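> Provided below for reference: sequence and predicted model.
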Amino acid sequence: MKEIINTGFKVGILGGGQLGKMLALAAQNWELETWILDEAPDFPAANVCSKFVKGSFKDFDDVYNFGKQVDVLTIEIEHVNTDALLKLEEEGVKVHPSPRALNIIKDKGIQKQFYKDQGLPTSDFEFYPGGAAIREAIDQGIIKIPFVQKSRTAGYDGKGVAVIRTEGDLDKIMDAASIVEPLVDIQKEIAVIVARNEDGEIRAFPAVEMEFNPIANLVEFLFCPANISEAIEAEATKIAKETIEAYDLCGLLAVELFLTNDNDILINEVAPRPHNSGHHTIDSAITSQFQQHLRAVVNYPLGATDATSPSVMVNLLGAAGHTGPAHYADLDKCFAIEGAKFHLYGKTVTKPFRKMGHATVVDTDLDAAKEKARAINQTLRIITK
């Protein structure tokens, strides 16, 4: 690959959401051109990238024609047209992560089978073609309550997941091709973000602990460092590194993990791109996850992943009952909180529980950071006027 720090080197990104925006912002310091493909020029990344191309990352022709114009092609979302990526790769375009890995990851059923085949730890699971088959299996005693149903495709931010704890939850069952897992008894959910470049260099960020919104089933708070032992941290990091090697993947891989009550670590699922569980690294690590992803996909040496301070990230979610132009109520009060760093994504429309931004609180004391982050969560309301 040619030297990248020169005029005109183009990094193509499929997807123009907040992850694309933060990738483009990270690239600006290195004189990398960022080209974004997405459907509308009012998406978050459009105002900060070098060139916005209108089109669909799910359409073969749009992805293929876009990819022919860039030097390396990457993603901010898994659900892209991998047939076009395979053709581009055959024609010499560098594509990271590989479309073969994407084809495994974007189907949660194939993803789970991959872990089983590779000898990587994960929970038990069964395949079901739809809701009727799941209900029949419950009636026959094959599926025991409690359990979790996950749609095999198109799930994100808690969507495509149904947690069935009691018979009163059975109306949550989705009519979609799914996997069903027993509801694992866990202490907590943790995540490790790991990066790998073409030379095979691998670096992992410190493990983080996640706390979920009980209604939307998406991450609300993230704590770094995670409250786990050194032995658990080492094992989680080892699993994450083994997983990115098994996928033969270049770029970032966010590995979400269950820590069970027996101190076993199980892979829940992965994301082959910058991830919500790494947003804190912008403000509290030597290298941010976005810088690291760019380093990996252009095959530069990976950056140090050490944390510079304890931190807590809080997702800034749209308020329930509000859909329309976004208004950030009491944001000024939140800006008065010492150590709080705000990242608003620039989405023009707020919706209930939509990720509209995040804040990272840095502090020498993690408990103090947690208190400040909860104050932000209770104070800021993203509403419509």
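Structure's in. What do you need? Residues are numbered from 1 along each chain as shown.
> make it CA atoms for all contacts and neighbour counts henceforth
Will do.
> check contacts around Gly251.
Counting by C-alpha atoms under 8 Å, 6 or more residues apart in numbering, Gly251 touches 96-97, 195-197, 272-273, 292-297.
> List the ones among those that fall in strands.
Those of the contacts of Gly251 mapping onto strands are 195-196, per DSSP state E.
> With respect to Lys347, which of the contacts of Gly251 is nearest?
Set against Lys347, the nearest of these by C-alpha to C-alpha is Arg273 (20.3 Å).
> count of residues packed around that closest one?
Close neighbours of Arg273, defined as other C-alpha atoms under 10 Å, add up to 25.
> In contact with Phe57, which residues?
When contacts are counted by C-alpha under 8 Å, 6+ apart, Phe57 touches 14-15, 37-38, 63, 80-81.
> What values do phi and psi take at it?
Phi and psi for Phe57, reported as degrees, to the nearest 10, are phi -70, psi 0.
> Now distance to Leu183 and pLDDT too, for the contacts of Phe57, in JSON lines please.
Output for the contacts of Phe57, formatted as JSON lines (distance: C-alpha to C-alpha, whole Å; pLDDT from 0 to 100):
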{"residue": "Leu14", "distance to Leu183": "34", "pLDDT": "98"}
{"residue": "Gly15", "distance to Leu183": "33", "pLDDT": "98"}
{"residue": "Leu37", "distance to Leu183": "38", "pLDDT": "98"}
{"residue": "Asp38", "distance to Leu183": "37", "pLDDT": "98"}
{"residue": "Val63", "distance to Leu183": "38", "pLDDT": "98"}
{"residue": "Val80", "distance to Leu183": "30", "pLDDT": "97"}
{"residue": "Asn81", "distance to Leu183": "32", "pLDDT": "98"}
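> So which of these are in strands?
Filtering the contacts of Phe57 for strands - DSSP E - leaves 14, 37-38.
> Dump those residues into CSV; add distance to Glu233 and neighbour count as well.
Putting the ones in strands among the contacts of Phe57 into CSV (distance: C-alpha to C-alpha, whole Å; neighbours: other C-alpha atoms under 10 Å) gives the following:
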residue, distance to Glu233, neighbour count
Leu14, 33, 27
Leu37, 37, 26
Asp38, 37, 23
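> Could you single out the nearest of those residues to Ala240?
Leu14 (24.5 Å).
> measure the closest one to Lys94 for me?
Leu14 sits 14 Å away from Lys94, going by C-alpha to C-alpha, to the nearest Å.
> okay, and the common contacts of the two?
Leu73.
> Between the contacts of Phe57, which sits nearest Asp169?
Checking those one by one against Asp169 (C-alpha to C-alpha), the nearest turns out to be Val80, at 32.3 Å.
> list the contacts for the closest one?
By C-alpha under 8 Å, 6+ apart, Val80 lies in contact with 14, 57-59.
> Considering the contacts of Phe57, which is situated nearest to Ser311?
Gly15 (27.8 Å).
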